[in-house]
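> here's my sequence, what's the structure:
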Amino acid sequence: MEVRLPRIEKLLKSMSTNPGVYMIKDEYGRIIYVGKAKNLRNRLRNHFTPSNDFAASRVIREKGKDIEVVEVSSEKEALLLEYNLIQEHKPSINSKWRDGKTYPFVEITTGEKFPRVIVTRETENKESVYLGPFSDVGAVRRSIKYILQTFPVANCDHEIHLGDAKTWAKTCIRRRTNQCLKPCEVPINPVDYREQINAVTNFLDGRLPEVQKEVENLMKESADVLEFERAAEYRDLLKSLNRTLEKQAVIIDSPDTFIVVIYKNETYFGVNVARVENNHLVQQNPVFISIEELESESSDGDIYLDFVLSTTLSIIGRDPKRYRFNRVLNATNFDSMDGILNEIGYRVVHRQANQKQVVVLLEQNLKQFIRRKVMLGKKSDFAMAKTFSNQVLDLQKILTLDEPPVIIDTFDISTLMGTNNVGSSVRFVHGKPFKKGYRRFKVRTVEGQDDFASMYEVVYRRYSDWIDSLDKFGLTLPNLIVIDGGREQLKRAKTALDELGLSIPVIGLAKKLEEVYRPNLEEPIQFDKNRPGMLLVRAGRDEAHRFAVTYQRKRRMKDGLKTLLDEISGVGEKRKSILMKEYKSLSNIAKESSETLSQRFKIPQNVASEIILRSRQFIDAQELREKRRRKFKRVK
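Residues are numbered from 1 along each chain as shown. Purely as a prediction, here's the structure:
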């Protein structure tokens, strides 16, 4: 018989009966499931009841070791926050128990006269816009249902034409209940309909305040040209959006920002540092300490200010260049920390009227966080595991680094029997890919297959001309460098760094046994490959490999096109130059038809047919070779 862990039992007793979103964490602190609840206590008890035989609940009981909650004021607010957190954290159980084998997308059929908004798992329609992929189809469907209540656009299974209301759309509930603009039944201006579709796209992208302003402008424009009926429609839509904004504290009319709030009672003092991106609250970091413990510390200044400032800096870091934004909303009464944050490079602002709700929400969550922790017997919780991702902190621990490896660059080399040698460098920041930090290299100094020399060249070129902790691209130098390879690759990379005068920690990761090589150790170290830190370096290694292989394949296709054109009689230098410039690679020209090729470039039909045929044969051979390679890899 299953028995609840004592810690889980205490957590369940400490939960409130308010609506909210909950995050289940495993033993390493990784978020494995995100859900919403009308009543948090009842919903969580249901998950941890042994008689609940649902597959997801069984896994939650088996792996769930901790619970974090965010209380909100309504179910709709919980729905949107659940959606945001799932996209932010990509929990494994939400992904594993989705229906089907692929992630769902939201498809907007922009190629049609009256576009539809539907959930799909196929992305083959080139005339449609796809948003996603999303890891939880349930959250997506609930959000779409809510969106369709606000924007009266179509979600039909078939393309819409005027008159369809008499045939397949005859039984449509949304048409019969006037929940849709009914383009299948009444003549509608396609431009007006497209404006609604654009608003839906912005809504799904999280830009609700943007949508609100856009609708308000359209309403005023319609009234100015005396189109009062259209103006009334926009007025009704604007009222609906205003109601949504009033109810949703998790949607914030604000640029990307950090928000700092505090809470104090007779016994405890706490700080909550939250992160807002794309008008959504995506992360909270509550921390608290007993006042007795805080006041026992000797300090020359204000102990409360020191605690708030040190906590804030430990969470957001002392280098604003790590983020896409440097804005900090100081919602505390410690105005004196503004100057310090501004001096570091952050831009401090203070609370505005439209941000009152989110500040109150963060303060309430901090208060409830302290209450739950106290019920579990804790007198303080600095929660430094939340300062950075658990993977980053675990990696710092296993590698015994002086500081958390917030910025990690990973290198890989790709070649095909000594030809088209290329290298890649990918960057992870706070445990997530940072695409602006990706770089790829065509190896210049190495002939034939020499991965060791290639690694030296790529690492040297990546960090050459660095100055003042910045590389030549203006990016901050990494806290850790990971090399895909063993001792010799690591040695060459370390040599390159030494010649450049850089003392950045560097490790090698050997793929076969996932062993970690260190410059100062003779033998590799083998850690549990599934612990958070190892999952992070493996993810970086796999991404660097993907990036390098993609570039190598692209160069191979380009060279393949040049070779193929050289071998076909009837293609002179001028035509070859034109085709190379237009198509760039075999994969592109293989998609063309011989008729189009012949007509566009005045090539004889038989020559055009041979070019297309041989291009497709080459692509097929490449795909077969890749399929066999993957099959061999699985068997091995």
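> what residue spans form the domains of the chain?
Listed domain ranges for the chain are 6-96, 105-205, 257-385, 392-545, 568-635 (source: automatic domain parsing).
> could you dump these to a markdown table with mean neighbour count, distance to Ser222 and mean pLDDT?
For the C-beta atoms, the positions are set from N, CA and C on the backbone; glycine is no exception. Shown next, in a markdown table, are those (neighbours: other CB atoms under 10 Å; distance: least, CB to CB, whole Å; pLDDT from 0 to 100):
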| stretch | mean neighbour count | distance to Ser222 | mean pLDDT |
| --- | --- | --- | --- |
| domain 6-96 | 19 | 29 | 79 |
| domain 105-205 | 17 | 10 | 78 |
| domain 257-385 | 18 | 26 | 77 |
| domain 392-545 | 18 | 40 | 87 |
| domain 568-635 | 14 | 44 | 72 |
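> just put the ones you listed in CSV and tack on distance to Leu226.
Listed next are these as CSV, based on distance: least, CB to CB, whole Å:
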stretch, distance to Leu226
domain 6-96, 36
domain 105-205, 16
domain 257-385, 32
domain 392-545, 48
domain 568-635, 50
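> now name the helix or strand holding Ala231.
Using DSSP states H and E, Ala231 maps to helix 228-247.
> whoops, I mixed them up, Tyr263
Element membership for Tyr263 (DSSP H and E) is strand 257-264.
> which helices and strands does that strand pack with?
strand 268-277, helix 303-316, strand 327-330, helix 356-375 (3 or more CB pairs under 8 Å, 6 or more residues apart in numbering; DSSP states H and E).
> so which of the ones you listed comes closest to Tyr456?
helix 303-316 (36.2 Å; CB to CB).
> what's the closest one packed up against?
Counting by 3+ CB pairs under 8 Å, 6+ apart, the packing neighbours recorded for helix 303-316 are strand 257-264, strand 268-277, strand 280-290, helix 291-295, helix 337-344.
> and these: which comes nearest Val117?
strand 280-290 (19.9 Å).
> just the CA atoms of that closest one, as CSV, please.
Taking C-alpha atoms only, strand 280-290 is exported to CSV below (Å, rounded to 0.1, in the frame of the first residue of the first chain):
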residue,chain,number,x,y,z
HIS,A,280,3.5,37.3,-18.5
LEU,A,281,4.6,36.4,-15.0
VAL,A,282,7.0,33.5,-15.6
GLN,A,283,8.9,33.0,-12.4
GLN,A,284,8.9,33.8,-8.7
ASN,A,285,11.7,33.5,-6.2
PRO,A,286,10.3,33.8,-2.6
VAL,A,287,12.9,34.0,0.2
PHE,A,288,12.4,34.6,4.0
ILE,A,289,14.2,34.7,7.3
SER,A,290,13.1,35.0,10.9
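> picking that back up, in TSV: the helices and strands packed on helix 303-316, plus distance to Glu499.
Formatted as TSV, those follow (distance: least, CB to CB, whole Å):
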stretch	distance to Glu499
strand 257-264	39
strand 268-277	39
strand 280-290	40
helix 291-295	49
helix 337-344	32
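> just how off-centre is the strand holding Tyr263 within its chain?
How far strand 257-264 lies from its chain's middle: 24 Å, per CA atoms, centre = their mean, to the nearest Å.
> in what helix or strand does the residue nearest the centre of the chain lie?
Centroid-nearest residue in the chain: Glu88, 5.6 Å away (criterion: CA atoms, centre = their mean). With secondary structure defined by DSSP H and E, Glu88 is part of helix 75-89.
> got the contact list for the helix or strand that Arg45 is a member of?
Assigned by DSSP H and E, Arg45 falls within helix 40-47. For helix 40-47, the external contacting residues (CB atoms under 8 Å, 6 or more residues apart in numbering) are 11-12, 15-20, 22, 24, 35, 37, 52, 57, 60-61, 64, 67, 69, 71.
> for the following helix or strand past it, the distance to its chain's centre please.
The first helix or strand that comes after helix 40-47 along the chain, using DSSP H and E, is helix 55-63. Remark: helix 55-63 is offset 25 Å from the chain centroid, using CA atoms, centre = their mean.
> one more: stretch 314-321?
Worked out by CA atoms, centre = their mean, stretch 314-321 lies 20 Å from the chain centre.
> what separation do you get for Ile483 and Leu399?
For Ile483, the distance to Leu399 equals 14 Å [CB to CB, to the nearest Å].
> not counting its neighbours along the chain, what's nearest Asp398?
Careful, residue 398 is Ile and not Asp. Distances taken as CB to CB, 6 or more residues apart in numbering put Gly533 closest to Ile398, at 4.9 Å, once the chain neighbours are dropped.
> if we can go back for a sec, for the helices and strands packed on helix 303-316, which one sits closest to Leu477?
Here helix 337-344 is closest among the helices and strands packed on helix 303-316 (CB to CB), at 17.8 Å.
> neighbouring strands for the helix or strand following that closest one, and are they parallel or not?
Per DSSP H and E, helix 337-344 leads on to strand 347-350 as the next helix or strand towards the C-terminus. For strand 347-350, the pairing partners within the sheet under DSSP bridges are strand 327-330 (parallel).
> what lies in contact with the strand it pairs with?
254-260, 312, 316, 337-338, 341, 346-351, 355.
> what's the answer for stretch 544-557, then?
410-416, 419-420, 422-426, 438, 440, 442, 482, 484, 585-587.
> which strand or helix spans Arg440?
Arg440 belongs to strand 439-442, assigned by DSSP H and E.
> packing partners for that strand?
strand 419-429, helix 451-463, helix 532-567.
> would you tell me what the next helix or strand after the last one is?
Note on helix 532-567: by DSSP H and E, the next helix or strand toward the C-terminus is helix 573-583.
> which helix or which strand is home to Arg492?
Per DSSP H and E: Arg492 is located in helix 487-499.
> which elements pack onto the helix or strand following that helix?
Downstream of helix 487-499, the next assigned helix or strand under DSSP H and E is strand 506-510. Applying 3+ CB pairs under 8 Å, 6+ apart, we find strand 506-510 packed against strand 480-484, helix 487-499, strand 515-517, helix 532-567.
> wait, which of the domains of the chain is closest to Arg235?
The nearest among these, by CB to CB, is domain 105-205 at 14.1 Å.
> off-centre distance for that closest one?
25 Å.
> same deal with stretch 63-77?
Using CA atoms, centre = their mean, the offset of stretch 63-77 from its chain centre is 20 Å.
> can I get it in CSV, CA atoms only?
Output in CSV follows, covering the C-alpha atoms of stretch 63-77 (Å, rounded to 0.1, in the frame of the first residue of the first chain):
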residue,chain,number,x,y,z
LYS,A,63,8.5,11.1,-8.3
GLY,A,64,7.0,14.1,-6.6
LYS,A,65,9.0,15.2,-3.6
ASP,A,66,8.1,18.9,-3.2
ILE,A,67,5.2,21.3,-4.2
GLU,A,68,5.3,25.0,-5.1
VAL,A,69,2.1,26.9,-5.6
VAL,A,70,1.1,30.3,-7.0
GLU,A,71,-2.3,31.5,-5.7
VAL,A,72,-4.5,33.7,-8.0
SER,A,73,-7.9,35.3,-7.8
SER,A,74,-9.8,33.3,-10.4
GLU,A,75,-9.9,30.2,-12.5
LYS,A,76,-9.3,32.1,-15.7
GLU,A,77,-6.2,33.6,-14.2
